[in-house]
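S.K.: quick one, fold the following:
(one chain, ligands or ions: 2)
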Amino acid sequence: MKKIDAWLFYSEYSYNKKIESGYIDEIVRKAKEEYGINLEVKNIHKFTLISGEENKLLYDGVEVTELPKIAISRRYEIYFFRQLELLGVKVFNNVQSMIDARNKMKTHQMLANSCVKTPKTVYIVPKRTVMNIKYEDVSKLLGKKFVLKWIYGSQGTFVHLVDNENDFNELVLKYQGKVLFQKFIEESFGFDIRAYVLGGEYVGCAVRKSSSGDFRSNLAKGGSALKFDKEDEIKDLAVQAAKAVNLDICGVDILVGKDGYYICEVNAIPGFKSISKVNSINEKDLILNLIRKKLDEK
Ligand code: ADP
Ligand code: MG
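M.R.: Ligands and ions are numbered 1, 2, ... in the order given. I've put the predicted structure just below:
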């Protein structure tokens, strides 16, 4: 029997849907025939971790005796992926970079530290009981209108444009002070560029444009994807950003300011919708290419 090269995971709901639609059969076939990869797709909820005298893994109640060389982490299941790492499986994205990427302030610091251009960002250490984070203090540093983000947010839902004390106080309270404040890159109102970097290689990008007059361009907020005609200008920047945060699967959000490009944030579990809309790239090939590359690196 050929050894297992890689595991891919879905939640039970997606797994069942993908079995029904033939997606799983298709990706396993494609992996084997086009990439020479022996791929298995798993329902992530069937795993049990045993941590103690001996680290073990059960699948559907049965001990796993053969592990893959590589696992692709497209879910924030830190203990599960850590267990795989402890058992010697190479996980992409690796668990530490997944944890880092979950926190917008931490990733901002990593990006800024590696000299990637980012919007000026402010964080005030919150007190537990008293409201010590003040609109006046932040506006002195960033101007009257700036962006406020919950540091654990995603899909545009927890990002706000603030220009008054009332909204500011309400939001800071709502997020219990776990927020960062950022210079508003006005010229990028309603659009940004989403670039993808896999295994350190730039694979494509799309412009995301808000269709509702919102300053946020996330597809989850109703944005649409368009082709970007100056791709060469952002390739190296995107690769540099992914490297700064050590992500092998990375979606990079890029803002366009009057004085050039700014890295807005990085995503460790990016959807591939925006590039598949404007390019002939699809999710299956992106993932299989990455697995092939990682298998060949060994
Ligand atoms: P999320 O994790 O929710 O996607 P982002 O930091 O990417 O959070 O912000 C969501 C969107 O808001 C971005 O894609 C961009 O369109 C807009 N945005 C975020 N930060 C800024 C900023 N500093 N200036 C201008 N627009 C911004
Ligand atoms: Mg984003």
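S.K.: tell me which residues in stretch 269-280 are buried?
M.R.: Residues of stretch 269-280 classed as buried: 269-272, 274-276, 278-279 (neighbour count, 16 or more other CB atoms under 10 Å). Heads up, the C-betas are built off the backbone N, CA and C, glycines and all.
S.K.: give me the distance between L171 and F189.
M.R.: 19 Å (CB to CB, to the nearest Å).
S.K.: same check, this time on I37
M.R.: 43 Å.
S.K.: pick out whichever of these two has more residues nearby.
M.R.: I37 (22 against 16; other CB atoms under 10 Å).
S.K.: ok, for that one, nearest residue in space, not its chain neighbours?
M.R.: With CB to CB, 6 or more residues apart in numbering as the criterion, I37 has its nearest non-adjacent residue at 4.1 Å, and that residue is A31.
S.K.: buried ones in the host helix or strand of that neighbour, by neighbour count?
M.R.: According to DSSP states H and E, A31 maps onto helix 23-35. Buried residues in helix 23-35, defined by neighbour count with 16+ other CB under 10 Å: 23-24, 27-28, 30-31, 35.
S.K.: with stretch 53-60 instead?
M.R.: By neighbour count on 16+ other CB under 10 Å, the buried set for stretch 53-60 is L57.
S.K.: ditto for stretch 86-97
M.R.: 89-95, 97.
S.K.: restricted to strands, list those.
M.R.: 90-92 (DSSP state E).
S.K.: which residues of the stretch 51-200 of the chain lie near ligand 1?
M.R.: For the stretch 51-200 of the chain, the residues in contact with ligand 1 (CB under 6 Å from any ligand atom) are 119, 147, 149, 153-156, 158-159, 182-185, 188, 192.
S.K.: show me what contacts F272?
M.R.: Applying CB atoms under 8 Å, 6 or more residues apart in numbering, one finds that F272 lies in contact with 196, 281-283, 286.
S.K.: and if you look at V147?
M.R.: By CB under 8 Å, 6+ apart, the contact list for V147 reads 119, 159-162, 181-184.
S.K.: can you select the buried ones among the residues you listed for me in ChimeraX?
M.R.: Typed into ChimeraX, the line below selects the buried ones among the contacts of V147, using 16+ other CB under 10 Å:
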select :119,159,160,162,181,182,183,184
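S.K.: out of the helices and strands in the protein, which is least certain?
M.R.: Across the helices and strands of the chain, mean confidence by mean pLDDT, DSSP states H and E is lowest for helix 273-278: a mean of 85.
S.K.: which other helices and strands does that one contact?
M.R.: strand 191-198, strand 201-209, strand 224-226 (3 or more CB pairs under 8 Å, 6 or more residues apart in numbering; DSSP states H and E).
S.K.: point out the most buried one among those.
M.R.: Among the helices and strands packed on helix 273-278, strand 191-198 has the highest mean neighbour count (mean count of other CB atoms under 10 Å), at a mean of 25.
S.K.: partner residues bridging A6?
M.R.: L39, I70 (DSSP bridges).
S.K.: pLDDT weak spots in the chain?
M.R.: Scanning the chain for pLDDT under 70 picks out 1, 298.
S.K.: mind listing the helices for it?
M.R.: Residue ranges of the helices in the chain, as given by DSSP state H, are 12-21, 23-35, 78-86, 95-101, 104-113, 135-142, 165-174, 235-244, 273-278, 283-297.
S.K.: can I get the CA coordinates of the last one in CSV?
M.R.: By that I understand helix 283-297. C-alpha atoms of helix 283-297 as CSV (Å, rounded to 0.1, in the frame of the first residue of the first chain):
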residue,chain,number,x,y,z
GLU,A,283,-8.9,26.0,-4.9
LYS,A,284,-8.1,22.3,-5.6
ASP,A,285,-5.0,23.1,-7.7
LEU,A,286,-3.8,25.7,-5.3
ILE,A,287,-3.8,23.3,-2.4
LEU,A,288,-2.4,20.4,-4.4
ASN,A,289,0.4,22.5,-5.7
LEU,A,290,1.3,23.5,-2.2
ILE,A,291,1.3,19.9,-1.0
ARG,A,292,3.5,18.8,-4.0
LYS,A,293,5.9,21.6,-3.3
LYS,A,294,6.2,20.7,0.4
LEU,A,295,6.6,17.0,-0.4
ASP,A,296,9.4,17.8,-2.8
GLU,A,297,11.2,20.0,-0.2
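S.K.: begin at 798, not 1, for the rest of this chat.
M.R.: Sure thing, new numbering starts at 798, so read that last one as helix 1080-1094.
S.K.: buried residues in it?
M.R.: 1081-1089, 1091-1092.
S.K.: could you list the residues in contact with that helix?
M.R.: The contact list for helix 1080-1094 (CB under 8 Å, 6+ apart) reads 802-803, 805, 823-824, 827-828, 831-834, 836, 866-867, 869, 887, 889, 993, 995-996, 998, 1000, 1045-1046, 1069, 1073.
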